[in-house]
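Enquirer: Give the three-dimensional model of this entry:
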Amino acid sequence: MKAIRNTKGRFFGLYTTQGESLNAQLMGETQNYVEVYDRNAGVNRRLAKTSICGVRLAQEKFGKVF
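Expert: Numbering: from 1, shown residues only. Down below sits the predicted model:
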């Protein structure tokens, strides 16, 4: 989560435990959820923090990235 918070409005690669990958931008955060803008689909999405397995930001990988 620290890597996502430090994106400063930039887009980043987000990988979920369901095997989904998306190009996302952080919109907001609650205790259990993260709200991101999904650039691929053009919609806002709300994901559980437990479903996020990896982040790719500026050619750096955090967690499990596939």
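Enquirer: going forward, measure contacts between C-alpha atoms and count neighbours the same way
Expert: Fine.
Enquirer: What segments of this structure are strands?
Expert: Remark: strands of the chain, listed N- to C-terminal, are 12-16, 21-29, 33-38, 43-48, 52-57, 60-63; assignment by DSSP state E.
Enquirer: so who does the nearest residue to residue 18 once chain neighbours are set aside touch?
Expert: Counting by Cα to Cα, 6 or more residues apart in numbering, residue 18 lies nearest to residue 51, which is 7.4 Å off, once chain neighbours are set aside. Contacts were defined as Cα atoms under 8 Å, 6 or more residues apart in numbering; by that measure residue 51 touches 16-18.
Enquirer: nearest to residue 29, of these?
Expert: Ranking these by separation from residue 29, with Cα to Cα as the measure, puts residue 16 on top at 16.4 Å.
Enquirer: Specify the beta-bridge partners of that closest one.
Expert: The residues paired with residue 16 through beta bridges, assigned by DSSP bridges, are residue 52.
Enquirer: I figured it was touching residue 55, is that so?
Expert: No - Residue 16 is not in contact with residue 55 according to Cα atoms under 8 Å; the separation is 9.1 Å.
Enquirer: Give me the more crowded residue out of these two.
Expert: For residue 16 versus residue 55, the count of surrounding residues by other Cα atoms under 10 Å is larger for residue 55: 24 against 19.
Enquirer: Tell me the spacing between that one and residue 64.
Expert: With distances taken as Cα to Cα, to the nearest Å, residue 55 is found 8 Å from residue 64.
Enquirer: list the residues that contact both of these two?
Expert: Overlap between the contact sets of residue 55 and residue 64, as judged by Cα under 8 Å, 6+ apart, is given by residue 15.
Enquirer: what's the least confident stretch among the strands of the chain?
Expert: If you rank the strands of the chain by mean pLDDT, strand 60-63 sits at the bottom with a mean of 87.
Enquirer: helices and strands around it, which ones?
Expert: strand 52-57 (3 or more Cα pairs under 8 Å, 6 or more residues apart in numbering; DSSP states H and E).
Enquirer: which other helices and strands contact the strand it packs on?
Expert: Packed next to strand 52-57, using 3+ Cα pairs under 8 Å, 6+ apart, are helix 2-5, strand 12-16, strand 60-63.
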